[in-house]
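Enquirer: fold the stuff below for me.
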Amino acid sequence: MKKKNQLTEEEIDELVISQADDDNAWEEFVTVDQELATTLSLPPELASRAAFFAQLHKMSVAAWLQRIVQERLAFEESAFAGLKQVMEEKSTYKTS
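Expert: Have a look, this model is predicted:
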């Protein structure tokens, strides 16, 4: 049963899509300062596995991990863009 003032997932999707191009519907932009470097802690087993594959690729662990993270981010961004396109197409079908 739906609680009072609680939107369904479909209603939220429709609301977000309808407001996507309306800058006044969104909060102010947040500025994030980029730091030069970040320290990341890995469990020993994961660090050992990363070191093994970095060595296979004749790379430092840091360089190999950076490449892997960049590849994964590119994949995630592509998937997100595809999902956004599907959502936009869905909203076009409903209003047409």
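
Enquirer: any low-confidence regions in this protein?
Expert: 1-4, 93-96 (pLDDT under 70).

Enquirer: for it, what's the longest helix?
Expert: helix 61-95 (DSSP state H).

Enquirer: which secondary structure elements does that one contact?
Expert: helix 9-19, helix 44-56 (3 or more C-beta pairs under 8 Å, 6 or more residues apart in numbering; DSSP states H and E). All C-beta spots, glycine's among them, are computed from the backbone N, C-alpha and C.

Enquirer: mean neighbour count and distance to Phe29 added to those helices, as a markdown table?
Expert: Converted to a markdown table, the helices and strands packed on helix 61-95 look like this (neighbours: other C-beta atoms under 10 Å; distance: least, C-beta to C-beta, whole Å):
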| stretch | mean neighbour count | distance to Phe29 |
| --- | --- | --- |
| helix 9-19 | 12 | 16 |
| helix 44-56 | 12 | 35 |
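
Enquirer: mind giving me JSON lines with those and columns for distance to Gln70?
Expert: Formatted as JSON lines, those follow (distance: least, C-beta to C-beta, whole Å):
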{"stretch": "helix 9-19", "distance to Gln70": "28"}
{"stretch": "helix 44-56", "distance to Gln70": "14"}
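
Enquirer: go through those and name the closest to Met87.
Expert: helix 9-19 (5.9 Å; C-beta to C-beta).

Enquirer: mind exporting the C-alpha coordinates of the closest one to PDB?
Expert: Extracted C-alpha coordinates of helix 9-19, given in PDB (Å, rounded to 0.1, in the frame of the first residue of the first chain):
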ATOM      1  CA  GLU A   9       9.300   4.800  -8.900                       C
ATOM      2  CA  GLU A  10       7.500   5.500 -12.200                       C
ATOM      3  CA  GLU A  11       6.100   8.800 -10.800                       C
ATOM      4  CA  ILE A  12       9.600   9.800  -9.700                       C
ATOM      5  CA  ASP A  13      11.000   9.000 -13.100                       C
ATOM      6  CA  GLU A  14       8.300  11.000 -14.900                       C
ATOM      7  CA  LEU A  15       8.900  13.900 -12.500                       C
ATOM      8  CA  VAL A  16      12.700  13.900 -13.000                       C
ATOM      9  CA  ILE A  17      12.300  13.600 -16.800                       C
ATOM     10  CA  SER A  18       9.800  16.400 -17.000                       C
ATOM     11  CA  GLN A  19      12.100  18.700 -15.000                       C
END
